[in-house]
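K.L.:
from the sequence below, what's the structure:
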Amino acid sequence: MRPGASHAVRKRPPGARLSVGFILARRFTLCAFANFVDVLRLAADEGDRSRPILCNWAVLSDTMDAVASSCGVTVQPKERLGDPARFDYIVVIGGLMDEAPTLGPAYTGFLKRAAEAGVPLVGVCTGAFLLHQAGLLDGYRCCVSWFHHADFLEQFEGLNPVADQIFVVDRDRLTCSGGVSSAHLAAYLVDKHVGRAQANKSLHIMIIDDALQAEKPQPGITLDFRTRDPIVLRALLLMQQNIDTPIPVAEVAKRIGHSKRQLERHFRMALDISPQAAFLQIRLSLAHHLIETSEKSIAQIAVDCGFCDSSHLSRMFRRQFGSTPLALRQQAGLAG
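P.N.:
Numbering: from 1, shown residues only. Have a look, this model is predicted:
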């Protein structure tokens, strides 16, 4: 909660400890919304009776028209936008990236009034994109899905999104990567305002493991690496996001808050390999995949995978796989 904001002045039903207003983008992701709201629902009452006692929530709208999700299921809003200060949090559930999700001026104005009133704002899935479009993430760290990391960088210059954690809490802005991570972010809020027992109860009924901390790595491309070491997983995801412009291992370590020596020790213990060798394997594995499945030239694949040129790629490729990229492409029946 933003310093200076007061819960005492906010109207809520008697007994409620957590009140959440939802804004659904056009073609929002239903899974992210359902996971979030079901944690609130199950924490709000005894058993799964679903009475909004300890928690209450409402889908908000400017027009009160039903909102269609990305899978076609529609949700009927419950209340008009009104005064955002009646809620403890305003949660924006984002939609599909390829449809350039945007919010209308009424919603943007509502979110800005919420920020001015000290109501924390939550961006779920591509909801972080929408908050940034409204000018409400400047100076904040924000979490985006590893799957959309490149899209975020392309659309929003000057920001440093976090794509190696399941959610990020930065003062009065909370963001998560969507999917099941929205349940863990909701559980974080329930734990904070209602109680840890209620948060765990919700997740257990939903057949989700115990609540995960924000720093838990997002799942991503696993390749041949199998480890539960969160430091190694975060480093691998960061490497994956920088395949075309490889960054030094020391910089990888710095970005995830560890020293180079600590990172190397974790890699040796978890994978019996150095971070440098793992990074090279990631790049070569992607190159192998692109050579077999795409029509890109080998020179372009070399650039896309962070190699100086096709000769550099060929040397590393032969060392790893025992053949050249051209030989593999010929075996796959594609032009060189």
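K.L.:
the stretch 151-300 of the chain: strands as residue ranges?
P.N.:
With DSSP state E, counting those that start in this stretch as the criterion, the stretch 151-300 of the chain has strands at 167-170, 173-176.
K.L.:
nearest to Ala66, of those?
P.N.:
Ala66 sits nearest to strand 173-176 of all the strands of the stretch 151-300 of the chain, at 25.0 Å, using CB to CB. Where C-beta positions appear, they are placed from N, C-alpha and C, glycine not excepted.
K.L.:
highest mean neighbour count out of the strands of the stretch 151-300 of the chain?
P.N.:
Comparing these by mean neighbour count (mean count of other CB atoms under 10 Å), strand 173-176 comes out on top with a mean of 28.
K.L.:
contacts for it?
P.N.:
89, 120-125, 127-128, 131, 136-137, 140, 142-144, 166-168, 182, 184-185, 189 (CB atoms under 8 Å, 6 or more residues apart in numbering).
K.L.:
pLDDT of that strand, averaged?
P.N.:
The average pLDDT for strand 173-176 rounds to 92.
K.L.:
buried residues in stretch 111-124?
P.N.:
For stretch 111-124, burial by neighbour count (16 or more other CB atoms under 10 Å) applies to 111, 113-115, 117-124.
K.L.:
one more: stretch 267-274?
P.N.:
In stretch 267-274, counting by 16+ other CB under 10 Å, buried: 267, 270-271, 273.
K.L.:
so of those residues, which ones are in helices?
P.N.:
Per DSSP state H, helices hold the following members of the buried residues of stretch 267-274: 267, 270-271.
K.L.:
which one of these sits closest to Ile298?
P.N.:
For those, the nearest to Ile298 is Leu271 (28.6 Å; CB to CB).
K.L.:
SS state for Gly118?
P.N.:
coil (DSSP: H, G, I helix; E, B strand; the rest coil).
K.L.:
quick check, pLDDT for it.
P.N.:
Gly118 is given a pLDDT of 96.
K.L.:
what ranges does the chain have for its helices?
P.N.:
30-43, 105-116, 127-133, 149-155, 181-193, 196-205, 230-240, 249-255, 260-271, 275-293, 298-304, 310-321, 325-332.
K.L.:
Gln262: neighbouring residues, count only.
P.N.:
Using other CB atoms under 10 Å, Gln262 is surrounded by 13 other residues.
K.L.:
related to what we said a few turns ago, mind checking the strands of the stretch 151-300 of the chain for the one nearest to Arg49?
P.N.:
Nearest of these (CB to CB): strand 173-176, 27.1 Å.
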